[in-house]
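Student: No sequence on hand, only this structure:
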Ligand SMILES: C[S@@+](CC[C@H](N)C(=O)[O-])C[C@H]1O[C@@H](n2cnc3c(N)ncnc32)[C@H](O)[C@@H]1O
């Protein structure tokens, strides 16, 4: 991890008020793909990790039974909660939690996990641990939208800042997902450095 969790949280606390007005077309395309591929059923519980201001969580709350948003930035979470309250949504909740400690109540069975543009803040070893943690929650599907490298890393491209971000190659992410018991059902390339991976729990894996 190039920055500590506290550094990332402080950075996003500062950015929270203007975050929603700043997304690139590629970010928006990835967010739409994550929402579409998550495709929750009316009884599903969805966990959104690195939920930020709740873009994905709010969209999924229209069709899911319940949505749980987790993030390390109180500033981002405040924005998300305000939007949910303004929209009168009562099937969505936000709170602190991190990839490796999602802070999901022990009696809650999570059906689908989503994450958009957040995991690239972790180094590859921590991404692997995060994916193991997600698999241990037992979801049938994990949809990951993020900065990820389909080709050679190009730090001059606008999708990540080498000083704070640590995107993985698609191959590294695919290996971590399959090691954790998922099977990839779709790979969406939005840009050479932005993609969405759809991972389903491998048949027969009841762990
Ligand atoms: C670029 S924002 C994306 C927010 C949202 N998913 C979206 O699509 O708009 C990244 C978010 O990841 C959160 N984040 C960074 N590291 C995290 C970690 N280890 N665990 C949970 N959230 C983290 C940040 O606080 C920030 O809100």
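Tutor: Great, that's in hand. Everything numeric here is computed off the predicted structure, so don't read it as measured data.
Student: and the chain, which residues reach the ligand?
Tutor: Within reach of the ligand by C-beta under 6 Å from any ligand atom, the chain has these residues: 5, 8-9, 12, 31, 49-52, 55-56, 71-73, 76, 98-99, 116-118, 121-122. All C-beta spots, glycine's among them, are computed from the backbone N, C-alpha and C.
Student: how about the residue of the chain found nearest the ligand, what does it touch?
Tutor: Relative to the ligand, the nearest point of the chain is residue 52 (2.4 Å; C-beta to the nearest ligand atom). Residues near residue 52 by C-beta atoms under 8 Å, 6 or more residues apart in numbering: 12, 19, 71, 73, 76, 79, 80, 117, 118.
Student: now the strands: where do they sit in this protein?
Tutor: Counting by DSSP state E, the chain has strands at residues 45-49, 66-71, 92-96, 112-116, 141-149, 168-169, 182-191, 194-201.
Student: Run the angle between the first one and strand 112-116 for me.
Tutor: The reference is to strand 45-49. Orientation note: strand 45-49 sits at an angle of 30 degrees relative to strand 112-116 (axes from the mean of the first three to the mean of the last three C-alpha atoms, to 10 degrees).
Student: Packing partners of strand 45-49?
Tutor: helix 55-60, strand 66-71, strand 112-116 (3 or more C-beta pairs under 8 Å, 6 or more residues apart in numbering; DSSP states H and E).
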